[in-house]
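> what's the 3D shape of this:
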Amino acid sequence: MSRFHYWSMVGSNVWLAILAGYLNAFSTVALLFERSAHMSGRATDLGRGFMAFFVLTDAAERTRLFEEAVIILIITASFLAGAILGAKLMRTIGLGKTIMMIGVFIGVSSIMVLIGLPSGVINVFSLERSLWAILLCIPMGIQNAATSVTSMGRSTHVTGTLTDLGISIAEGTYKKTIHLSCRWGGFVGGSGIGLGIFLAVPSLSTQLLILALCALLTGAFFAHPAVRRKLGTVLQFQEPLATAI
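Below you'll find the model as predicted:
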């Protein structure tokens, strides 16, 4: 990979990680009140919630944990559905248009806020919270899958990124260390930006609209023929499991 393509890959990955961090921070403090990106601890949360229904004697606490486990199950299934959709879209329409689809999902979320779909309630199962889980987690799954099948790698998960960063530091892989450090920093920065916009902009609909427009413009940029020709392998689909089986 040439120096130009390397830095293009790093820059693109950082920007997409910023968008993911923004959405993750937003979903944590509003509407869903759960992280939309982090799937690593979901198995533990699910096991704890469903087992609590059988082992706890406090009915209120047992119900709370069980209802939270149901929401987490919906979050996990929505993320998985998004990942499936993202991988399929990458094969057919490419990265740019796939990122634009993320903007469409977030734009629909903005419209849902505007027309009065209420926010969820923390630690309580509700139809509204289930809908927010679907609307906010599917686009996260789409982006993670879409970037995972390019040379950029995953852009929404920092747990795996930190593991890979430790390995690359141990192996002395300079370029990979820079790439992973920038990706991790991008997600952190995006989370800060998302929280900052949440505190500065009073309208939840506008907060989502800002992110939707960023995703649509990013996708349109990547989809432009001149950009696709220039970036080449950075945006191209790769077979992620080809050498793993």
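> and the spatially most central residue of the chain, what element?
Nearest to the geometric centre of the chain sits Met140, at 2.9 Å (Cα atoms, centre = their mean). Per DSSP states H and E: Met140 is located in helix 127-148.
> And for the very next helix or strand once past that helix, what's in contact with it?
Sequence-wise, the next helix or strand downstream of helix 127-148 (DSSP H and E) is helix 158-171. Applying Cβ atoms under 8 Å, 6 or more residues apart in numbering, the contact partners of helix 158-171 are 38, 40, 153-154, 176-177, 180-181, 183-184, 187-188. In this view, the C-beta of every residue, glycine as well, is placed from N, C-alpha and C.
> before we move on, back to that, can you give me every residue that contacts the residue nearest to the centre of the chain?
By Cβ under 8 Å, 6+ apart, Met140 lies in contact with 20, 23-24, 36-37, 79, 82, 156.
> just curious, which of the residues you listed is nearest to Ser110?
Checking these against Ser110 with Cβ to Cβ, the nearest one is Leu23 at 12.0 Å.
> Do I have it right that the closest one meets Pro139?
Yes. Leu23 is within contact range of Pro139, at 7.1 Å (criterion: Cβ atoms under 8 Å).
> which residue lies farthest from the center of this structure?
For the chain, the largest distance from the centre (Cα atoms, centre = their mean) belongs to Thr57, which lies 36.5 Å off.
> List the buried residues of the lowest-mean-pLDDT helix or strand in the chain.
Confidence across the helices and strands of the chain bottoms out at helix 42-55, with a mean of 78, counting by mean pLDDT, DSSP states H and E. For helix 42-55, the neighbour count (16 or more other Cβ atoms under 10 Å) marks 42, 45-46, 48-49, 52 as buried.
> next one: stretch 219-233
Buried residues in stretch 219-233, defined by neighbour count with 16+ other Cβ under 10 Å: 219, 222-223, 227-228, 231.
> Can you point out the buried residues in stretch 101-115?
Those buried within stretch 101-115 under the rule 16+ other Cβ under 10 Å are 101-103, 105-107, 109-110, 112-113.
> Give me the subset of those residues lying in helices.
Per DSSP state H, helices hold the following members of the buried residues of stretch 101-115: 101-103, 105-107, 109-110, 112-113.
> Which single one of the residues you listed is nearest to Ser8?
Ile102 (20.0 Å).
> Cross-check the contact I'm expecting between the closest one and Gly219.
Yes. The criterion here is Cβ under 8 Å, and Ile102 meets it with Gly219 at 7.2 Å.
> Would you point out the most distant pair within the contacts of Met140?
Top of the distance list for the contacts of Met140 (Cβ to Cβ): Asn24 and Gly82, 13.5 Å.
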